[in-house]
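**Q** model the structure of this input:
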Amino acid sequence: MRPKSKIRLLVAETAAVAINIIPLGLWLFEDYSAETTMVIYALESAASIVLGGLCVAIISPSHDPDGTPKYKRKNRLIADFTVLSGAMLLACGVFLSAFIFLVLKASVDLRLVGAAFGIVVVFQVIEFFVNLVTLRPLPLRKAEFLLTRSMGKAALLFLGIFMGFFLAGFVDEWFVVPFIALKSIVDIAEPIQFFLGKQEIGVPFEAG
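**A** Numbering: from 1, shown residues only. Predicted coordinates for the structure are as follows:
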């Protein structure tokens, strides 16, 4: 196992645990409302997508003959990623806002959101810089898969909100539970899968 792979796995797992545990702990032990907690998770997911696109923009070549037929040029890959992920995040934002403010008629403390997100984003930025170093150079074929994984954050967010909508019919605060569970499992398990070579396509840790 190459040192870069070990470093990337260690940082990815540390960031995943911290990013998911911090909002959960604030909700359970610091009286953060479920709505405030969900907004923190949503902002983290959005930041993760943005940082994924920025990583590819910085370290991938502008042209890659070995890329997939549709994506041999970085500008095409980045443009499609920006449109798709932007649309998904916008839909999630509208749906989440409507759910919190119109259905649950709850309020969100933006001061608490800012304080917690400020802590979470530190771990995201650390992981981002580690990826810049350890994934370089990143061929467009692998960059495409990396961006697809990033967009999965938005899909996971939408699924968590949708499932939470039904749980809120029983207890309002339960609506955040599905997203916490799904996101924690995916964020923690995915780096290990790549480390063990379980993914056939993508950026396996052992290739670093």
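**Q** pull the longest strand from this structure.
**A** When the chain is parsed with DSSP state E, its longest strand is strand 63-68.
**Q** excluding chain neighbours, what is closest to the residue lying farthest from the centre of the chain?
**A** When distances are taken from the C-alpha mean of the chain, residue 65 lies farthest, 28.8 Å away, according to CA atoms, centre = their mean. Nearest residue to residue 65 in three dimensions, chain neighbours excluded: residue 72, at 6.4 Å (CB to CB, 6 or more residues apart in numbering). Glycine gets a C-beta too; all of them are placed from N, C-alpha and C.
**Q** pretty sure the one you found contacts residue 139?
**A** No - the criterion here is CB atoms under 8 Å, and residue 72 misses it with residue 139 at 10.6 Å.
**Q** what's the overlap in contacts for those two?
**A** Here residue 72 and residue 139 have residue 64 as joint contacts, going by CB atoms under 8 Å, 6 or more residues apart in numbering.
**Q** if we can go back for a sec, now the longest strand of the chain, how far from the centre of its chain.
**A** Distance, stretch centre to chain centre, for strand 63-68: 26 Å (CA atoms, centre = their mean, to the nearest Å).
**Q** other residues contacting the helix or strand following that strand?
**A** Proceeding N to C from strand 63-68, the next assigned helix or strand is strand 71-73, under DSSP states H and E. With CB under 8 Å, 6+ apart as the test, strand 71-73 has contacts from 62, 63, 64, 65, 67, 77, 80, 140, 141, 144.
**Q** residues contacting the first one?
**A** Residue 62 makes contact with 73, 74, 75 under the criterion CB under 8 Å, 6+ apart.
**Q** if I look at the first one, how far off is residue 28?
**A** By that I understand residue 73. Computed as CB to CB, to the nearest Å, the residue 73 to residue 28 distance reads 47 Å.
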